[in-house]
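A predicted structure for the sequence below; I have some questions about it.
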Amino acid sequence: MNFSSVRIITADINRLVPFYEKISGMPVTKYTDDFAELRTSLATLAIGSIRTLALFGGDKVASAANNRSAIIEFRVDNVDDTYLKLAEFLGDAVVQKPTTMPWGNRSLSFRDPDGNLVNFFTPITSEAQERSDS
């Protein structure tokens, strides 16, 4: 089995798509008015409108803009440089400026327009780099 993707459910796909394009520097492919994907070499971040919930059993199976348990994480080459490039764009959405974590990653956390927590990280210790490369 391979982990493939995480899907964010949103009430405003047209707000999230450009946000994720800006922070990632990558294109988000919008397949329909209700579904888009940001594909990386390892996994995909899917973005679906609340209208897609009907396909998964109804609008009660998920709730837009209510995530308080998952963190969407992206490995970046240099979290400090990335922060400098995005600081003005992110503004008050920054939760934690670049900080070195006990497990060896340097991390920047912020919220997307729906309030989902996003973490950009760079492994900086040899142990963290080995973990991340495997």
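Sure thing, it's come through.

ok, residue 7 - how many residues close by?
By the criterion of other Cβ atoms under 10 Å, residue 7 has 15 neighbours. Heads up, the C-betas are built off the backbone N, CA and C, glycines and all.

my error: substitute residue 46 in the last question.
Neighbours of residue 46 (other Cβ under 10 Å): 19.

who does it bridge with?
Assessed by DSSP bridges, residue 46 has beta-bridge partners residue 7, residue 37.

cool, and residue 108?
In beta-bridge terms (that is, DSSP bridges), residue 108 pairs with residue 120.

how does the protein divide into domains?
1-59, 67-134 (automatic domain parsing).

tabulate the ones you listed (a markdown table), appending mean pLDDT.
Formatted as a markdown table, those follow (pLDDT from 0 to 100):
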| stretch | mean pLDDT |
| --- | --- |
| domain 1-59 | 95 |
| domain 67-134 | 96 |
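
residues contacting residue 105?
By Cβ atoms under 8 Å, 6 or more residues apart in numbering, the residues touching residue 105 are 121, 122, 123, 124, 128.

tell me which element the last one falls in.
Here residue 128 sits within helix 126-133, counting by DSSP states H and E.

same thing with residue 88?
Per DSSP H and E: helix 79-90 holds residue 88.

buried ones in that helix?
By 16 or more other Cβ atoms under 10 Å, the buried positions in helix 79-90 come out as 79, 82, 83, 86, 90.

and what of stretch 50-67?
Buried, per 16+ other Cβ under 10 Å, within stretch 50-67: 50, 52, 53, 62, 64, 67.

spatially nearest residue to the third one (excluding sequence neighbours)?
Spelled out, it's residue 53. Leaving aside its sequence neighbours, residue 53 sits nearest to residue 59 (Cβ to Cβ, 6 or more residues apart in numbering; 4.7 Å).

my guess is the one you found contacts residue 11, does it?
No - using Cβ atoms under 8 Å as the test, residue 59 is too far from residue 11 to be in contact (10.9 Å).
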